[in-house]
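J.: Fold the following and give me the result.
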Amino acid sequence: MIRLFLALVATAALPAAAQDYPSKPIRIIIGYSAGGGNDIIVRAMTPEMSKSLGQPVIVENKPGAQSIIAAEYVAKAPADGYTVLMGPSGPMTINPATYSKLPYDPVRDFTPVSMISTFPLIAVVSASSGITTMKQLIDYAKANPGKVNYSSSAGIFQISTELFKQRTGTDFVMIPYKGSGESVQAVIGGQVTLTLVDPPPVSGPIKAGTVRPLAVTAAKRHPGFPDVPTMAEAGVREMEVPVWTAFFLPAKTPPAIVARLQKEVARVVQTPEVRERFTGMGIEAVGGTSDELGRQVASDIAKWKAVAKAADIKND
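T.: Model (predicted):
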């Protein structure tokens, strides 16, 4: 009887809790280090979110293990709307394809909130490398098999570069980093030859002339980088790799809370200030629905599992 009473009380209190949401600070957990693409994207949104929601929106970086640490942390957090995962396509769709076992399930353990943005990856080399075209990079790699390397901080970058290796017949060795910002710095410093990375952490170095972009993984040229050819234009076929970022909550979060946060995300990414920041970083604002994001996750998991199997990529 006591358990039944407590359950009824909890059920009755749920709508009120959802109606009062948020009543305390919200934490957004990022599985990568500060200065990386996802970190930059979130921090462009949080001032407006804090103002509109009436509560501080705090960014917490929990880098490492291909964002597995962050994803597991949020999956096990209370389903009350106060712990949010900044879940890019890597941990949500690439990890399930490249790891045989994970401490979280991207479908079972999370409730999709909203897609935030989409963007292609950009292949860059050091401006001091002497490499100015994709053909030169491929020729250089083929002339130095096993002696060229690439930096990667997430599954999406690794699987995309492995796909690039298949398409070009090259043999780059992966060097792991905790964040895409660090991956870019490794290129600038000459520790690695190449990185395929998201636009935010590399747009500044491109403008500064410290890295040289060779191609984007999109079907058409990116408006933020109109002088950079697509992979197809650069001679690499079947290398279209769109990437996305999104917010997720723990499974069983009350629908009213999910709807409140989804509405807020969809509004914030379309504000002039945030859109301007996103455009400057070479990314496109989205702000879709929870159902749309859920379908995207399921579709991408199936696609990347097929790619990982063909490439024999296993990160266990």
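
J.: going forward, measure contacts and count neighbours with C-alpha atoms only.
T.: OK.

J.: gap between stretch 21-28 and the chain center?
T.: 22 Å (Cα atoms, centre = their mean, to the nearest Å).

J.: Straight-line length of it, end to end?
T.: End-to-end distance for stretch 21-28, by Cα to Cα, to the nearest Å: 15 Å.

J.: now swap in stretch 276-287 and tell me
T.: 15 Å.

J.: Contacts for that stretch, please.
T.: 41, 44, 114-120, 199-201, 203, 222-225, 262, 265-267, 269-270, 275 (Cα atoms under 8 Å, 6 or more residues apart in numbering).

J.: make it 6 Å
T.: 114-119, 199-200, 203, 224, 266, 269 (Cα atoms under 6 Å, 6 or more residues apart in numbering).

J.: cool, stretch 57-71 as well?
T.: Here stretch 57-71 has contacts from 25-33, 46, 50, 91, 154, 178, using Cα under 6 Å, 6+ apart.

J.: And those residues, which of them are buried?
T.: 26-33, 46, 91, 154, 178 (16 or more other Cα atoms under 10 Å).

J.: Among these, which ones are in strands?
T.: Counting by DSSP state E, the buried ones among the contacts of stretch 57-71 place 26-30 in strands.

J.: Pull up the distance across stretch 20-38, start to finish.
T.: 29 Å.

J.: Same check on stretch 246-258?
T.: 13 Å.

J.: to the chain's geometric centre, what's the distance from the longest helix along the chain?
T.: Criterion DSSP state H: the longest helix present in the chain is helix 290-311. In terms of Cα atoms, centre = their mean, the centre of helix 290-311 is found 14 Å from the chain centre.

J.: Name the residues of that helix that come out as buried.
T.: 290, 293-294, 297, 300-301, 304-305, 307-308.

J.: Please export the C-alpha coordinates of that helix as PDB.
T.: What follows is helix 290-311, C-alpha atoms only, in PDB (Å, rounded to 0.1, in the frame of the first residue of the first chain):
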ATOM      1  CA  SER A 290      12.000  15.100 -31.500                       C
ATOM      2  CA  ASP A 291      10.400  12.600 -33.900                       C
ATOM      3  CA  GLU A 292      12.500  13.800 -36.800                       C
ATOM      4  CA  LEU A 293      15.700  13.500 -34.700                       C
ATOM      5  CA  GLY A 294      14.700  10.000 -33.600                       C
ATOM      6  CA  ARG A 295      14.300   8.900 -37.300                       C
ATOM      7  CA  GLN A 296      17.600  10.400 -38.200                       C
ATOM      8  CA  VAL A 297      19.400   8.500 -35.500                       C
ATOM      9  CA  ALA A 298      17.900   5.200 -36.500                       C
ATOM     10  CA  SER A 299      18.700   5.800 -40.200                       C
ATOM     11  CA  ASP A 300      22.300   6.800 -39.600                       C
ATOM     12  CA  ILE A 301      23.000   3.900 -37.300                       C
ATOM     13  CA  ALA A 302      22.000   1.500 -40.000                       C
ATOM     14  CA  LYS A 303      24.100   3.400 -42.600                       C
ATOM     15  CA  TRP A 304      27.300   3.600 -40.500                       C
ATOM     16  CA  LYS A 305      27.100   0.000 -39.400                       C
ATOM     17  CA  ALA A 306      27.300  -0.900 -43.100                       C
ATOM     18  CA  VAL A 307      30.300   1.400 -43.700                       C
ATOM     19  CA  ALA A 308      32.100   0.100 -40.600                       C
ATOM     20  CA  LYS A 309      31.600  -3.500 -41.600                       C
ATOM     21  CA  ALA A 310      32.900  -2.900 -45.100                       C
ATOM     22  CA  ALA A 311      35.900  -1.100 -43.600                       C
END
